[in-house]
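> sequence below, structure please.
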Amino acid sequence: MADHGRYSGPRFAQLDDEYKVWAAYQRAQLKKEKLWAAVVTDRPASSSDDKKSDPAVDAWDAMNEAALATIQMSIKPVHLNTVTSVDTAKEAWDALKVMFEARDNAKLLRLMDELSSLKKGGDENIIKFASRAQMLRDELAMVGNPVDDNTLALRVLAGLPAEYGMLRTVLENRDTKLVMSDMTAKLLQVEQRSISVGISKPSGSVKSQAFAAAAPKRPFDKMSVVCFY
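Purely as a prediction, here's the structure:
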C-alpha cells in the first residue's frame, strides 16, 4: 500500500496573490510526494459488487486525502473557505484556478487601461516616466500578457507632452522597430537640453533640440574646420 503520510508541510510560501508561482511549486511538490494523480484523475469505480473494499479505490481515497490536506496547508487563511468546502484535491485545485484567473482578468483589464492612457506627469522626469511604463510592462507579463519593446516604446511616445513632438514624429516614422533603452536615451538628451535652455536660455527651440537628438550623428570632418588664426 502506498505511503502518503510523510509530508511535513509546504517548503515554499503559502498562496496569497501569486497564484502562478504557487501553482508551479505546489504541482512540483505534489508530484514529488506522488500525490499529483489525485488532482488529474477521478475516483475509480469500485470493481467489487459486494461490500468488500476495493484496493484501487482505497489507494485513491488515501492519496486524495493527503493531496487535499497538502493543498489546504499551503494557502493563506483568507483562501481556506475555497478549499475546505470541497471533497477532492481536484475540486480544490480547480476552484483556486478559477478564482485567480478571474482576478487576473480584472487586473489585466486595469493594467491595459493604464498602459493605453499612459501620460508623462508635469513634474515627472523621463527616467521616472520610463520606469513607470516598465513597471506596467512587468505586471502585464505576470498576468500572462507580455508587451514587446516596440509597443511599449510607442505607448511612451504617445504619452509625451507637446515639447517632445518633433522627436516623437521622427521616431514614429522610422522604418525599424523601436528599442526602449535607445529611445529613452534620446528622450534624456532632449530633457537635458531643455533644462539647459531654462538655465542659460541659448538660441534654438526645444523642437530643434528634439530633432537633433533623433538625427544620426555625422563623423567629424577636419577639412570643414576653418582656422581664423
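
> in this protein, where is pLDDT below threshold?
1-11, 48-51, 198-229 (pLDDT under 70).

> look at residue 92 and say how many residues are nearby.
For residue 92, the count of nearby residues is 26 (other CB atoms under 10 Å). (Glycine included, C-beta is placed from N, CA and C.)

> please apply the same query to residue 147.
The burial count for residue 147: 19, using other CB under 10 Å.

> for residue 15, phi and psi?
With angles defined as degrees, to the nearest 10, residue 15 sits at phi -60, psi 130.

> give the bridge partners for it, please.
Bridge pairing for residue 15 (DSSP bridges) gives the partners residue 75.

> domain-wise, how is the chain divided?
The record's domain split for the chain, according to automatic domain parsing, is 19-101, 118-214.

> how about these, which one is nearest residue 109?
For the domains of the chain, the distance to residue 109 is smallest for domain 118-214, at 9.9 Å, taking CB to CB.

> quick one, longest helix in the protein?
Longest helix in the chain, counting residues (DSSP state H): helix 89-116.

> identify each buried residue in that helix, please.
89-93, 95-96, 100, 104, 107-108, 111, 115 (16 or more other CB atoms under 10 Å).

> how much space between residue 114 and residue 58?
Per CB to CB, to the nearest Å, residue 114 is found 53 Å from residue 58.

> next, the buried residues of stretch 141-150.
Within stretch 141-150, the residues scored as buried using 16+ other CB under 10 Å are 142-143, 147.

> can I get the buried residues of helix 89-116 in TSV including distance to residue 44?
Output for these, formatted as TSV (distance: CB to CB, whole Å):
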residue	distance to residue 44
89	15
90	13
91	17
92	19
93	18
95	22
96	24
100	29
104	34
107	39
108	39
111	44
115	49
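
> and which of those residues is nearest to residue 175?
residue 115 (24.5 Å).

> that closest one against residue 154, yeah?
No: the criterion here is CB atoms under 8 Å, and residue 115 misses it with residue 154 at 10.6 Å.

> just to revisit the earlier point, nearest to residue 72 among the buried residues of helix 89-116?
residue 92 (7.2 Å).

> please enumerate the helices of this structure.
19-32, 37-40, 55-73, 80-84, 89-116, 126-142, 149-158, 165-172, 180-200, 206-214.

> of all the ones you listed, which one comes closest to residue 47?
The nearest among those, by CB to CB, is helix 55-73 at 7.2 Å.

> in the closest one, what's buried?
Buried residues in helix 55-73 (16+ other CB under 10 Å): 60-72.

> cool, stretch 157-168 as well?
In stretch 157-168, the ones that count as buried by 16+ other CB under 10 Å are 157, 159-160, 163-164, 166-168.

> re earlier: what is the nearest of the buried residues of stretch 141-150 to residue 20?
Using CB to CB, residue 142 comes nearest to residue 20 of the buried residues of stretch 141-150, at 7.6 Å.

> for residue 156, see how far away the closest one is.
20 Å.

> quick revisit: any chance of TSV for the helices of the chain, columns distance to residue 46?
Below are the helices of the chain laid out as TSV (distance: least, CB to CB, whole Å):
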stretch	distance to residue 46
helix 19-32	25
helix 37-40	17
helix 55-73	5
helix 80-84	26
helix 89-116	18
helix 126-142	44
helix 149-158	56
helix 165-172	68
helix 180-200	61
helix 206-214	75
